[in-house]
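Got a sequence here, can you model it:
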Amino acid sequence: MFLLVRSKEKESLEAIQLVRRKGLEVEILDAGDPSVAPYLVQEIGTAVTPTLVVGNYVLPGLNLIREFLESKISGGG
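Numbering: from 1, shown residues only. Take a look at the predicted model:
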(Lines give C-alpha, C1' and ligand atoms only; values in the text may rest on other atoms or scores of the structure.)
Protein backbone atom coordinates (compact mmCIF):
# COMPACT_ATOMS: atom_id res chain seq x y z
CA MET A 1 0.00 0.00 0.00
CA PHE A 2 1.38 3.38 -0.87
CA LEU A 3 0.28 6.99 -0.91
CA LEU A 4 1.37 9.40 -3.62
CA VAL A 5 1.50 12.98 -2.38
CA ARG A 6 2.92 16.40 -3.14
CA SER A 7 4.76 17.49 -0.02
CA LYS A 8 3.25 20.98 0.36
CA GLU A 9 -0.23 20.32 -0.99
CA LYS A 10 -3.04 20.71 1.57
CA GLU A 11 -5.00 17.62 0.45
CA SER A 12 -1.84 15.51 0.42
CA LEU A 13 -1.00 16.53 3.98
CA GLU A 14 -4.55 15.69 5.04
CA ALA A 15 -4.32 12.26 3.36
CA ILE A 16 -1.08 11.54 5.24
CA GLN A 17 -2.81 12.42 8.52
CA LEU A 18 -5.77 10.16 7.65
CA VAL A 19 -3.66 7.06 7.00
CA ARG A 20 -1.55 7.69 10.10
CA ARG A 21 -4.65 8.10 12.29
CA LYS A 22 -5.92 4.77 10.97
CA GLY A 23 -2.62 3.18 11.98
CA LEU A 24 -1.99 1.75 8.52
CA GLU A 25 1.44 0.83 7.20
CA VAL A 26 1.69 2.95 4.09
CA GLU A 27 4.72 3.91 2.05
CA ILE A 28 4.53 7.63 1.28
CA LEU A 29 5.97 8.72 -2.08
CA ASP A 30 6.45 12.35 -3.08
CA ALA A 31 5.18 12.92 -6.62
CA GLY A 32 7.47 15.93 -6.85
CA ASP A 33 10.50 13.63 -6.70
CA PRO A 34 11.98 13.33 -10.23
CA SER A 35 12.49 9.59 -9.73
CA VAL A 36 8.79 9.13 -8.87
CA ALA A 37 7.03 11.56 -11.24
CA PRO A 38 7.39 9.58 -14.52
CA TYR A 39 6.12 6.47 -12.75
CA LEU A 40 2.80 8.10 -11.89
CA VAL A 41 1.09 8.12 -15.26
CA GLN A 42 2.97 5.17 -16.77
CA GLU A 43 2.39 2.67 -13.98
CA ILE A 44 -0.42 4.08 -11.85
CA GLY A 45 -2.47 5.73 -14.58
CA THR A 46 -2.88 9.07 -12.85
CA ALA A 47 -0.89 12.11 -11.79
CA VAL A 48 -3.58 13.21 -9.32
CA THR A 49 -2.36 13.71 -5.77
CA PRO A 50 -3.03 12.44 -3.29
CA THR A 51 -3.56 8.91 -4.63
CA LEU A 52 -3.75 5.80 -2.47
CA VAL A 53 -2.74 2.53 -4.15
CA VAL A 54 -3.93 -0.64 -2.44
CA GLY A 55 -3.32 -3.84 -4.39
CA ASN A 56 -5.17 -3.42 -7.70
CA TYR A 57 -7.10 -0.39 -6.45
CA VAL A 58 -5.99 3.12 -7.43
CA LEU A 59 -7.86 5.78 -5.46
CA PRO A 60 -7.11 9.29 -6.78
CA GLY A 61 -8.17 12.25 -4.68
CA LEU A 62 -8.80 12.89 -1.02
CA ASN A 63 -12.53 12.07 -1.17
CA LEU A 64 -11.97 8.55 -2.56
CA ILE A 65 -9.18 7.93 -0.06
CA ARG A 66 -11.38 9.07 2.82
CA GLU A 67 -14.32 6.91 1.66
CA PHE A 68 -12.08 3.86 1.27
CA LEU A 69 -10.46 4.27 4.68
CA GLU A 70 -13.80 4.81 6.42
CA SER A 71 -15.36 1.73 4.79
CA LYS A 72 -12.26 -0.39 5.43
CA ILE A 73 -11.98 0.54 9.09
CA SER A 74 -15.71 0.23 9.76
CA GLY A 75 -15.67 -3.29 8.33
CA GLY A 76 -17.36 -2.47 5.06
CA GLY A 77 -14.42 -3.48 2.90
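
now what about the helix or strand bottoming out on mean pLDDT in the chain, what contacts it?
The weakest-scoring helix or strand in the chain, judged by mean pLDDT, DSSP states H and E, is helix 37-39 (a mean of 77). With contacts defined as C-beta atoms under 8 Å, 6 or more residues apart in numbering, helix 37-39 is touched by Ala31, Ala47. C-betas here are computed from N, CA, C, even on glycine.

and the most centrally placed residue in the chain, what does it touch?
Compute the mean C-alpha point of the chain, and by C-alpha atoms, centre = their mean the closest residue is Leu52, 2.5 Å away. The contact partners of Leu52, taken as C-beta under 8 Å, 6+ apart, are 1-4, 15, 19, 26, 58-59, 64-65, 68-69.

And Val19, by the same measure?
Residues in contact with Val19 (C-beta under 8 Å, 6+ apart) are Leu3, Val26, Leu52, Ile65, Leu69.

give me that answer again for 10 Å
By C-beta atoms under 10 Å, 6 or more residues apart in numbering, the contact set of Val19 is Met1, Phe2, Leu3, Glu25, Val26, Ile28, Pro50, Leu52, Ile65, Leu69.

Which parts of this protein are strands?
In the chain, the strands defined using DSSP state E lie at 2-5, 27-30, 51-54, 57-60.

I'd like those strands as JSON lines, with mean pLDDT appended.
Formatted as JSON lines, the strands of the chain follow (pLDDT from 0 to 100):
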{"stretch": "strand 2-5", "mean pLDDT": "94"}
{"stretch": "strand 27-30", "mean pLDDT": "93"}
{"stretch": "strand 51-54", "mean pLDDT": "94"}
{"stretch": "strand 57-60", "mean pLDDT": "94"}
